[in-house]
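Undergrad: sequence plus predicted model, see below.
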Amino acid sequence: MWLTEIDAPVLPREPSTEAARDPSNGLALRLRGVAKSFGARHVLTSLDLDVAPGEFVALVGRSGCGKSTLLRLIAGLDAPSAGGVEAGTDQERRLMFQDARLLPWKRVVDNVALGLTGRDARDRAMEALAQVGLAGRGDEWPATLSGGQRQRVALARALVHRPRLLLLDEPLGALDALTRLEMHRLIEQLWRRHGFTALLVTHDVTEAVALADRVLLIDGGGIALDATVSLPRPRARTAPGFAELEDRVLRHIIGQLPLA
Ligand SMILES: Nc1ncnc2c1ncn2[C@@H]1O[C@H](COP(=O)(O)OP(=O)(O)OP(=O)(O)O)[C@@H](O)[C@H]1O
């Protein structure tokens, strides 16, 4: 595995919230010897990973390298063929996908409130909507929203449960470039405010370097590169060190591609 670090001043995080102040001072995620095969196809062979509470980790790699498989194992949606996955309880984890998966027959606020109990469920859902910039849109139907707004609702639906671990599987993959940039800013703000641990699967190395503390390259069934990103936040793509790291990760990915 390659370890790399770009040195740059780090801005202090905002005062941490409950999720970041892990009283056990334990890890948010611990994988040991994780393997996953589908029949004769060995997708993950022996993968070890420690993620600290409040860390933002991006998973990149060639199509089919096993990023989504790994996220599914961490989410508890699938079981590893071998090895151990420690990622907290179902209640502590939330998943967000490329499509928002909203129920079209429920109003926006009711989509966010799904699974909540108690008399304040609607208020909490409204508050979560406000946090993603959709105050006042709760009574609309999902069909009236744009793709970016639907992903904001999906984000609110995850955050309303105050997750300790947010798993993001290409959540911005279907959005246009400008909307993606807005969503980057929003996700980063929410992460700083709430202190959850984030695991983002993305094809976009620029997105990974913009958002993550660590960029992991998955290849050959394991972690081929673990790059620490110490650039100040919010990150400008023109900041010193940004392009260098982006280029280094890309070169690793391209280096693995067979020559045509
Ligand atoms: N349920 C399944 N049954 C059989 N093979 C599977 C299953 N799920 C995933 N695979 C295989 O595992 C490999 C890894 O798939 P995975 O979706 O994790 O890749 P990925 O890195 O997320 O790809 P992409 O970037 O294209 O989304 C692929 O070869 C895929 O065909």
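TA: Noted; the coordinates are in hand. Numbers count the residues shown, from 1 in each chain.
Undergrad: C-alpha only now, for contacts and for neighbours.
TA: Will do.
Undergrad: mind checking which helix or strand the residue most central in space within the chain is in?
TA: Central residue of the chain (CA atoms, centre = their mean): residue 200, 2.7 Å from the mean position. Element membership of residue 200, judged by DSSP states H and E, is strand 197-201.
Undergrad: and that strand, anywhere near the ligand?
TA: No - shown here: strand 197-201 not in contact with the ligand (CA under 6 Å from any ligand atom), separated by at least 7.7 Å.
Undergrad: which helices and strands sit right next to that strand?
TA: The contact analysis (3 or more CA pairs under 8 Å, 6 or more residues apart in numbering; DSSP states H and E) places strand 197-201 against strand 56-60, helix 67-75, strand 165-169.
Undergrad: again, only using 6 Å
TA: Here strand 197-201 touches strand 56-60, strand 165-169, going by 3 or more CA pairs under 6 Å, 6 or more residues apart in numbering; DSSP states H and E.
Undergrad: does at least one residue of the first one sit close to the ligand?
TA: So the one you mean is strand 56-60. No - figure legend: strand 56-60 not in contact with the ligand (CA under 6 Å from any ligand atom); closest approach 7.8 Å.
Undergrad: next up, the contacts around the closest residue to the ligand within the stretch 101-250 of the chain.
TA: In the stretch 101-250 of the chain, no residue comes nearer to the ligand than residue 203, which is 6.4 Å away by CA to the nearest ligand atom. If you count contacts by CA atoms under 6 Å, 6 or more residues apart in numbering, residue 203 has them with residue 60.
Undergrad: surely residue 223 is in a strand?
TA: Yes - the secondary structure assignment for residue 223 places it in a strand, going by DSSP: H, G, I helix; E, B strand; the rest coil.
Undergrad: for the residue lying closest to it once chain neighbours are set aside, list each beta-bridge partner.
TA: Using CA to CA, 6 or more residues apart in numbering and skipping the chain neighbours, the partner closest in space to residue 223 is residue 217 (5.7 Å). Using DSSP bridges, the beta-bridge partners of residue 217 come out as residue 60, residue 225.
Undergrad: count of neighbours near the closest residue to residue 81 other than its chain neighbours?
TA: With sequence-adjacent residues excluded and distances taken as CA to CA, 6+ apart, residue 81 is closest to residue 36, at 4.8 Å. The local packing count at residue 36 equals 23, with neighbours defined by other CA atoms under 10 Å.
Undergrad: list the contacts for residue 36?
TA: Each residue near residue 36 by CA under 6 Å, 6+ apart is listed here: 43-44, 80-81.
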